[in-house]
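Asks: Sequence and predicted structure are below.
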Amino acid sequence: MLRIMRDSIYRGNHAARSSRHTVSFERDYNSSLMQSVIVHNLWKTFGTTAAVKGISFTADRGEILGLLGPNGAGKTTTIHMLLGLTSHDQGTISILGLDMPKNRYSILQRVNFASAYVSLPGNLTIDESLYVYAKLYNVRNPAQRAREVLTELEVDLPGTSLIGTLSAGQKTRLNLCKALLNKPEVLFLDEPTASLDPDIAIKVRELLKKLRRNYGTTIIYTSHYMHEVEELCDRAIFLARGTIVTTGTPAEIRERSKLNSLEEVFVTIARNGELRDQEDREAQ
Amino acid sequence: MISRIVAMVLRYMFIYKRSGIRIAELIFFPLMDLLVWGFVTLYLEQVTQSKAVLFMLGGIVLWDIFFRAQQAVGMSVLQEMWVGNTLNLFVSPIRPHELIVSTAIVGFIRASITATGLGICAYTLYAFNMMDLGLALFPLFGLLLFFGWTVGLFTSALILRYGEAAESLAWIVPFLIQPFVAVFYPVSALPAPLQTFALIFPCTHIFEGMREVLRGGGIPWPAMGASFLLTLAWLCCTGTFFARTLIYVRSKGYLTTASRG
């Protein structure tokens, strides 16, 4: 199927007739198949404040990418731009090979989002709410799929419970259930474990690992819990004041910064807005 | 598309399934209006021997059809803000026009419940039979729904733009036009300069048409036609306003915050 698509693209592309161009096109095409999210030179300004200043990054299929940084670093604005909630001023966003916002609704059908700070309608019951969202995502057998995600996340509350009466942790878990209804190819999570007790937080992390392992789900993840990032993320991007300060695997970031933990990296970036390597610090 | 519209209709109807208070709210305030103004006009009719009570009761019932349709569309975004669900909704694949169609369907259901309830009460209390409007009742009802949805769309745009701060606007927008659209009195009762102004509103023609029918005339097709064309024009304007507002709030990041001062 992919080969047919690629061939048909080749046939329509005059530039691809030269072998040099063909090689380059094939390389770009293959990398775009590998990468679920490609962000290039993304800018966003609110009034006179630049919230995001020309950041570029990618997330591979099946990768868990941590988007980290202190409050006001631009993490949430970036996620909102990736989801098409906020429009970007400059740059390009490609998700699953589609341009955001040009293909907003095709993308939104295949991705999902959960945040500890967003709730499902408090005046609906658990069953009603998940049924409504399953239908919004055009899920087959909505009631059955709702039961499946509830079981997967070990939400053993009666389906007739009103969401407004649940605890913060229960609401967060339910929001995660909503985010899994359409078996998303890319999952955006904004501090998903912020209000969970440690036991449930561990279960959520295990579930995210399972999602990646079983379905190849790409997960873009913000969190202030650095131990969680070290455990879960393949790669992390540290943002401060709208720019990327450092990026790499947690081990690479620790090694490069000569700091003992991501927690220390975080604190350093939060206090200085940048991350100098050890030589710089000693020289200073 | 159908699945998403059904989902949103269910989202609003589930609330009514459980809440007797919400259903009562559909009837309570319109009924209070009907009681107060019905008895006032009944008294006036005794004094003046006019058809005032017919016109007044017809006006009350039809106005509530318009108001319920406007509220269903206009308050939907606000309701999502109240329950903190805006973000989840706007990251789902529902298109804005699907959201509006679903709220319009809810508006139709709400208006039907209100109209039926008021119709029964008006008949019981004042022997006013809505069916006296005959076949004209259907185009009158349809056109009022259509314009109610249109005004609701304008209200939704205001809510998107100003957030919860525009809550009061959502309630008062219909009442801003009420004095000019000849609900309870004919256009001729307005001062001359306001009469022309009144005619730019589709519902003015509907209420004038209602009085013509109650006077014994046939279906006032010219008034219906004028109302339909005006509503289309209004819909184009409010649709454009809504679309531009959506672009604006996305550029400002307002979709992610309920309160914008």
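Replies: Arrived safely, thanks for sending. Numbering: from 1, shown residues only, chains lettered A, B, ... in the order given.
Asks: C-alpha only now, for contacts and for neighbours.
Replies: Fine.
Asks: what about whatever residue of the stretch 101-250 of chain B ends up closest to chain A, neighbour count?
Replies: Residue of the stretch 101-250 of chain B nearest chain A, by Cα to the nearest Cα: B:Arg250 (4.5 Å). Using other Cα atoms under 10 Å in any protein chain shown, B:Arg250 has 21 neighbouring residues.
Asks: Check the contact between it and A:Leu85; I expect there is one.
Replies: Yes - between B:Arg250 and A:Leu85 a contact is recorded at 5.9 Å, counting by Cα atoms under 8 Å.
Asks: related to what we said a few turns ago, OK, contacts around the residue of the stretch 101-250 of chain B closest to chain A?
Replies: Residues counted as contacts of B:Arg250 (Cα atoms under 8 Å, 6 or more residues apart in numbering or on different chains) are A:84-87.
Asks: Which positions in chain B make contact with chain A?
Replies: Listed as neighbours of chain A in chain B under the rule Cα under 8 Å from any Cα of the partner chain: B:3-8, B:10-11, B:14-15, B:80, B:83-85, B:87-88, B:90-95, B:249-256.
Asks: Which helix or strand contains residue 36?
Replies: Picking chain A for this. Assigned by DSSP states H and E, A:Ser36 falls within strand A:35-46.
Asks: was after chain B, sorry
Replies: Going by DSSP H and E, B:Val36 is part of helix B:20-48.
Asks: Just the buried residues of the helix or strand that comes right after the strand holding A:Ser36, please?
Replies: Using DSSP H and E, the next helix or strand after strand A:35-46 towards the C-terminus is strand A:49-60. Of the residues in strand A:49-60, A:51-56, A:58-60 count as buried by neighbour count, 16 or more other Cα atoms under 10 Å in any protein chain shown.
Asks: tell me which strands and helices strand A:49-60 is in contact with?
Replies: Here strand A:49-60 touches strand A:35-46, helix A:75-82, strand A:218-222, strand A:243-248, going by 3 or more Cα pairs under 8 Å, 6 or more residues apart in numbering or on different chains; DSSP states H and E.
Asks: The first one pairs with which strands?
Replies: Looking at strand A:35-46 with DSSP bridges, its paired strands and their directions are strand A:49-60 (antiparallel), strand A:90-95 (antiparallel).
Asks: List just the one of these that sits closest to B:Trp63.
Replies: B:Trp63 lies closest to strand A:49-60 among the strands paired with strand A:35-46, at 47.0 Å (Cα to Cα).
Asks: Sort out which residues of the lowest-mean-pLDDT helix or strand in chain B are buried, please.
Replies: Least confident helix or strand of chain B, by mean pLDDT, DSSP states H and E, is helix B:20-48 with a mean of 76. By neighbour count with 16+ other Cα under 10 Å, helix B:20-48 contains the buried residues B:23, B:26-28, B:30-31, B:33-35, B:37-38, B:41-42.
Asks: will you turn the buried residues of strand A:49-60 into TSV that also has distance to B:Thr196 and pLDDT?
Replies: Formatted as TSV, the buried residues of strand A:49-60 follow (distance: Cα to Cα, whole Å; pLDDT from 0 to 100):
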residue	distance to B:Thr196	pLDDT
A:Ala51	50	90
A:Val52	51	93
A:Lys53	53	92
A:Gly54	54	92
A:Ile55	56	93
A:Ser56	58	94
A:Thr58	60	93
A:Ala59	61	93
A:Asp60	63	91
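Asks: and which of these is nearest chain B?
Replies: The nearest member of those to chain B, counting by Cα to the nearest Cα, is A:Ala51 at 11.1 Å.
Asks: thinking again about what came up before, same for the helix holding B:Val36, what does it pack against?
Replies: By 3+ Cα pairs under 8 Å, 6+ apart, helix B:20-48 packs against helix B:52-74, helix B:96-126.
Asks: need the strands for chain A, in chain order.
Replies: A:35-46, A:49-60, A:64-68, A:90-95, A:98-100, A:111-115, A:186-190, A:218-222, A:235-240, A:243-248 (DSSP state E).
Asks: can I have the first one written out in PDB, keeping just the CAs?
Replies: What that stands for is strand A:35-46. Written as PDB, here are the backbone C-alpha positions of strand A:35-46 (Å, rounded to 0.1, in the frame of the first residue of the first chain):
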ATOM      1  CA  GLN A  35       8.300  10.400  12.200                       C
ATOM      2  CA  SER A  36       4.800  11.000  13.600                       C
ATOM      3  CA  VAL A  37       5.400  14.600  14.500                       C
ATOM      4  CA  ILE A  38       7.600  17.100  12.700                       C
ATOM      5  CA  VAL A  39       7.800  20.600  14.000                       C
ATOM      6  CA  HIS A  40       9.900  23.200  12.100                       C
ATOM      7  CA  ASN A  41      10.700  26.700  13.200                       C
ATOM      8  CA  LEU A  42       7.600  27.200  15.200                       C
ATOM      9  CA  TRP A  43       6.800  30.700  16.500                       C
ATOM     10  CA  LYS A  44       4.000  32.000  18.600                       C
ATOM     11  CA  THR A  45       3.600  35.500  20.000                       C
ATOM     12  CA  PHE A  46       0.900  36.700  22.300                       C
END
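Asks: tell me the angle it makes with helix A:75-82.
Replies: On the basis of axes from the mean of the first three to the mean of the last three Cα atoms, to 10 degrees, strand A:35-46 is oriented at 110 degrees to helix A:75-82.
Asks: In the stretch 101-250 of chain A, which residue sits nearest chain B?
Replies: The minimum distance from the stretch 101-250 of chain A to chain B, using Cα to the nearest Cα, falls at A:Leu136 (4.5 Å).
Asks: and that residue, how many neighbours?
Replies: A:Leu136: 24 neighbours (other Cα under 10 Å).
Asks: in which helix or strand would I find the nearest residue to it once chain neighbours are set aside?
Replies: Leaving aside its sequence neighbours, A:Leu136 sits nearest to B:Arg4 (Cα to Cα, 6 or more residues apart in numbering or on different chains; 4.5 Å). In this assignment (DSSP H and E), B:Arg4 forms part of helix B:2-18.
Asks: average model confidence for that helix?
Replies: Per-residue pLDDT over helix B:2-18 has a mean of 86.
Asks: Stretch B:173-183 now?
Replies: On average, stretch B:173-183 scores 90.
Asks: got it, and stretch B:189-199?
Replies: Mean per-residue pLDDT for stretch B:189-199: 90.
Asks: Identify each buried residue in that stretch, please.
Replies: B:190, B:195, B:198-199.
Asks: who's in contact with that stretch?
Replies: Applying Cα under 8 Å, 6+ apart, the set of residues contacting stretch B:189-199 is B:180-182, B:187-188, B:204-205.
Asks: repeat that with 7 Å
Replies: B:180-181, B:187-188, B:204 (Cα atoms under 7 Å, 6 or more residues apart in numbering or on different chains).
Asks: and the helix or strand harbouring B:Leu78, what does it pack onto?
Replies: Using DSSP H and E, B:Leu78 sits within helix B:76-82. Applying 3 or more Cα pairs under 7 Å, 6 or more residues apart in numbering or on different chains; DSSP states H and E, one finds that helix B:76-82 contacts helix B:137-162.
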